[in-house]
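S.K.: Build me a structure from this.
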Amino acid sequence: MVERLTTSVVLYGEIDSVDSKKWLDFYNYVSNFIKSINLVPNYMALSSKSIKSSKISSVKRLEKNLFKAVESKEEISSLSIYSLPDNFETAAFDYNAYICRTTRLKYSHIIVTIPIEIFEKIDHKEFIMGLKNFIDFKDGEIFNMSILESPQLYASKANAPSTFKTLEVTANI
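M.R.: Numbers count the residues shown, from 1 in each chain. Okay, the predicted model is just below:
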């Protein structure tokens, strides 16, 4: 595992877990975003009424389950999309992009984590405006952090901010 600095955007608010079309629209939006930064959305995790495990699987394997859940208007509680290198060892530390929309935690949120050097090249204001279509937005942050400190852990508000040694909040949204 190599220590790399990432930039994350986290948006907090209400997410309608029953609006299956919104989940599909989110999936398409973030998949297209990952492609637009020259990465491949190749792994995902899904939690729904019929899928209890949020295990990471290839997009090819899990995408059909997402489509079935949407078609049957099933409640979805979490959807994560990853861009992982071919030789990854641990998805939580090796990803090139991680995007998640979840209601499974105390604070429902959307998080996007990408390498800092890619974030600096994108129009993040436009991207954030697009993400706000998938959440009843209350507040959020943009922050930098080492991938080894798990930006998702900070976004979940599971630990106090002071426990993250590399945390640098760069903007409140």
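S.K.: for the lengthiest helix in the chain, packing partners?
M.R.: Longest helix in the chain, counting residues (DSSP state H): helix 20-36. Applying 3 or more CB pairs under 8 Å, 6 or more residues apart in numbering; DSSP states H and E, one finds that helix 20-36 contacts helix 59-71, strand 76-83, strand 97-102, strand 109-115, helix 124-131. To be clear about C-beta, it is placed using only N, CA and C from the backbone, and glycine gets the same treatment.
S.K.: Quick one: work out the angle between that helix and strand 76-83.
M.R.: Counting by axes from the mean of the first three to the mean of the last three CA atoms, to 10 degrees, helix 20-36 lies at 10 degrees to strand 76-83.
S.K.: Now do the buried residues in helix 20-36.
M.R.: For helix 20-36, burial by neighbour count (16 or more other CB atoms under 10 Å) applies to 20, 22-24, 26-27, 29-31, 33-34.
S.K.: just stretch 122-130 next, same as before
M.R.: Using 16+ other CB under 10 Å as the test for burial, stretch 122-130 gives 124, 127-128.
S.K.: would JSON lines of those with distance to C100 and pLDDT be doable?
M.R.: Putting the buried residues of stretch 122-130 into JSON lines (distance: CB to CB, whole Å; pLDDT from 0 to 100) gives the following:
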{"residue": "H124", "distance to C100": "17", "pLDDT": "94"}
{"residue": "F127", "distance to C100": "15", "pLDDT": "96"}
{"residue": "I128", "distance to C100": "15", "pLDDT": "97"}
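S.K.: which one of those is nearest L105?
M.R.: Closest approach between these and L105, by CB to CB: I128, at 20.3 Å.
S.K.: mind listing what S78 touches?
M.R.: 45-47, 54, 100-104 (CB atoms under 8 Å, 6 or more residues apart in numbering).
S.K.: and the gap between it and I37?
M.R.: Per CB to CB, to the nearest Å, S78 is found 23 Å from I37.
S.K.: can you check S20 too?
M.R.: Distance from S20 to I37, by CB to CB: 27 Å.
S.K.: Poorly predicted segments of this structure, please.
M.R.: The chain contains residues with pLDDT under 70 at 1, 52-53.
S.K.: ok, 90 please
M.R.: Applying pLDDT under 90 to the chain flags residues 1-3, 20, 49-55, 104-106.
S.K.: ok, back up a step: closest one to M145 among the helices and strands packed on helix 20-36?
M.R.: strand 109-115 (8.4 Å).
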